[in-house]
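Peer 1: Got a predicted structure here, sequence first:
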Amino acid sequence: MTNPTGFHVRRSTATTRAGFGVFALAALALATVPFTASGSTETTLTELLFYLGLAQMWNLVAGYAGLLSIGQQAWVGLAAYAIYFTAEKHDLPLIVAVALSAVVVTVLSYPAGLVAFRLRGGYFAVGTWVIAEIFRLGTLRIDALGAGDIQSFTVGRAFSGLGVASRHHLMYWAALVLGIGGTLILLGVLRSRIGLALMASADEEGAAGSLGVEVRRLRMVVWLVAAFWTALIGAFVHLNAGTVTNANAFSVLDWTAIVIFIVVVGGVGSISGPIIGTAIFWTITQLLENQTTWRFIILGLLAVVVAATDPRGVVGLISRRRRFEPFPVERIVTAVGTVPNEPVTNEPVPNQPVPNQP
């Protein structure tokens, strides 16, 4: 028999390196869409990339931090009004307005998190929805934000006189950065020491805390990161739409329910899950483009069937046959080198003389 002399820790395999390569090639191919595809394809991909970014942020909060939020629409809605106030009402440059809007939403998310973190389980989920409703109702009382009326962006102010095609290209590339960037942010967080502590706290909060993990502070950091990136997406979504309405800005269906469907069907707690879920959502949407009612019925039924079959979603179904995760976050430990070990026999050990005691 032999014993290892040491251990080697890897973060990737040949399969995962191939997965990263495919991801990089796909990102490069998507970057050329404005020059190679039709306008309708560009518009559809813009929407899907926005949803991918939203899904990755919800996956970070719910799938890895264990915070089942159904109030993500709060950050989208607040960002919509913030970008309207900064870009339209005060004529700030687009980049400055977007950045300032995301910062404002992140600041507002901090006290919301302090309140929400006092709740657990289903109470937390309902609490996040109530917080989102409080923000929605609050915007209705502010005259400077239109008090609930439909607000439109002046094209010249928001886009500095860009042409229609240029505006569409700008929105597409912004969506690409936010969708791909959300995936890379999630990957970076999870492959760090913070991610290791985060997953430990999601599995067993009490045990993680006893080992020195500051669970509350860690979750607040994740909460703020998700709010910031979601706000960036919300700002560009409404710039792309050209209007802000209270109902659409704080829509539970558009900004939370669909996002949850994408993550649950693709795979909660998996970086590749939201990518797969987004592709499935796009496929169903395209097949039932003119059948709104049936589209949502099928989306709901599919989510129930997949969740009942494997809680890990499509990624879990694939992993039943072969391990599937192109974006690994765990560490792979293998033994390095060997040394002979003493042979194990069934022969009795001879009696040894006991030395005289002083």
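Peer 2: All right, it came through fine. Residues are numbered from 1 along each chain as shown.
Peer 1: Nearest spatial neighbour of Pro311, chain-adjacent residues omitted?
Peer 2: Spatial nearest neighbour of Pro311, chain neighbours left out: Val268 (7.3 Å); criterion: CB to CB, 6 or more residues apart in numbering. Bear in mind the C-beta positions are built from the backbone N, C-alpha and C, glycine included.
Peer 1: Point out where the stretch 251-358 of the chain drops to low pLDDT.
Peer 2: 323-325, 328-358 (pLDDT under 70).
Peer 1: where do the helices sit along it?
Peer 2: 252, 258-266, 272-287, 292-309, 313-319 (DSSP state H, counting those that start in this stretch).
Peer 1: got it, and the stretch 51-200 of the chain?
Peer 2: Remark: helices assigned in the stretch 51-200 of the chain by DSSP H, counting those that start in this stretch are 73-83, 94-116, 122-140, 155-159, 164-190, 193-203.
Peer 1: Among those helices, which comes closest to Val61?
Peer 2: Nearest to Val61 among the helices of the stretch 51-200 of the chain is helix 122-140; the distance by CB to CB comes to 9.5 Å.
Peer 1: roughly how far is the closest one from the heart of the chain?
Peer 2: Centroid displacement of helix 122-140 relative to its chain, using CA atoms, centre = their mean, to the nearest Å, is 20 Å.
Peer 1: cool, stretch 68-87 as well?
Peer 2: 16 Å.
Peer 1: could I have that stretch exported to CSV, CA atoms only?
Peer 2: Output in CSV follows, covering the C-alpha atoms of stretch 68-87 (Å, rounded to 0.1, in the frame of the first residue of the first chain):
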residue,chain,number,x,y,z
LEU,A,68,-35.2,33.9,-1.7
SER,A,69,-36.1,37.4,-2.9
ILE,A,70,-39.3,38.1,-4.9
GLY,A,71,-38.7,41.9,-4.8
GLN,A,72,-36.1,42.3,-7.5
GLN,A,73,-38.5,44.6,-9.4
ALA,A,74,-37.8,47.2,-6.7
TRP,A,75,-34.3,47.9,-8.1
VAL,A,76,-35.5,47.9,-11.7
GLY,A,77,-38.3,50.3,-10.9
LEU,A,78,-36.2,52.7,-8.8
ALA,A,79,-33.5,52.7,-11.6
ALA,A,80,-36.2,53.6,-14.1
TYR,A,81,-37.2,56.7,-12.2
ALA,A,82,-33.7,57.5,-11.3
ILE,A,83,-32.5,57.5,-14.9
TYR,A,84,-35.6,59.5,-15.9
PHE,A,85,-34.8,62.1,-13.2
THR,A,86,-31.1,62.4,-14.0
ALA,A,87,-31.0,62.0,-17.8
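Peer 1: For the residue nearest to Trp294 when sequence neighbours are not counted, the count of nearby residues, please.
Peer 2: The spatially closest residue to Trp294, leaving aside those adjacent along the chain, is Leu288, at 5.6 Å (CB to CB, 6+ apart). Using other CB atoms under 10 Å, Leu288 has 16 other residues around it.
Peer 1: Next: Thr309.
Peer 2: Neighbour count of Thr309, defined by other CB under 10 Å: 13.
Peer 1: next one: Tyr81
Peer 2: A count of nearby residues for Tyr81, using other CB under 10 Å, gives 28.
Peer 1: Tell me the spacing between it and Thr243.
Peer 2: Distance of Tyr81 to Thr243, computed by CB to CB, to the nearest Å: 12 Å.
Peer 1: Would you format the helices of the stretch 251-358 of the chain as JSON lines with distance to Arg191 included?
Peer 2: JSON lines is the format used below for the helices of the stretch 251-358 of the chain (distance: least, CB to CB, whole Å):
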{"stretch": "helix 252", "distance to Arg191": "32"}
{"stretch": "helix 258-266", "distance to Arg191": "19"}
{"stretch": "helix 272-287", "distance to Arg191": "14"}
{"stretch": "helix 292-309", "distance to Arg191": "27"}
{"stretch": "helix 313-319", "distance to Arg191": "18"}
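Peer 1: ok, back up a step: and the residue nearest to Pro311, what does it touch?
Peer 2: 59, 62-63, 311-313 (CB atoms under 8 Å, 6 or more residues apart in numbering).
Peer 1: Save these as a markdown table, and put in neighbour count and distance to Trp173 too.
Peer 2: Shown next, in a markdown table, are the contacts of Val268 (neighbours: other CB atoms under 10 Å; distance: CB to CB, whole Å):
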| residue | neighbour count | distance to Trp173 |
| --- | --- | --- |
| Asn59 | 29 | 23 |
| Ala62 | 23 | 28 |
| Gly63 | 25 | 27 |
| Pro311 | 12 | 36 |
| Arg312 | 20 | 33 |
| Gly313 | 27 | 29 |
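Peer 1: hmm, back to that, let's test this: what are the backbone torsions at the residue nearest to Pro311?
Peer 2: Note on Val268: its backbone torsions stand at phi -70, psi 140 [degrees, to the nearest 10].
Peer 1: How about Val244?
Peer 2: Note on Val244: its backbone torsions stand at phi -130, psi 120 [degrees, to the nearest 10].
Peer 1: same deal with Ile150?
Peer 2: phi -70, psi 130.
Peer 1: ok, now how distant is it from Val244?
Peer 2: 7 Å.
Peer 1: same deal with Gln73?
Peer 2: According to CB to CB, Gln73 and Val244 sit 14 Å apart.
Peer 1: what's the residue nearest to Trp294 in contact with, if anything?
Peer 2: With CB under 8 Å, 6+ apart, Leu288 has these contacts: 294-295, 298.
Peer 1: Now list the buried members of the residues you listed.
Peer 2: The neighbour-count test (16 or more other CB atoms under 10 Å) marks Arg295 as buried among the contacts of Leu288.
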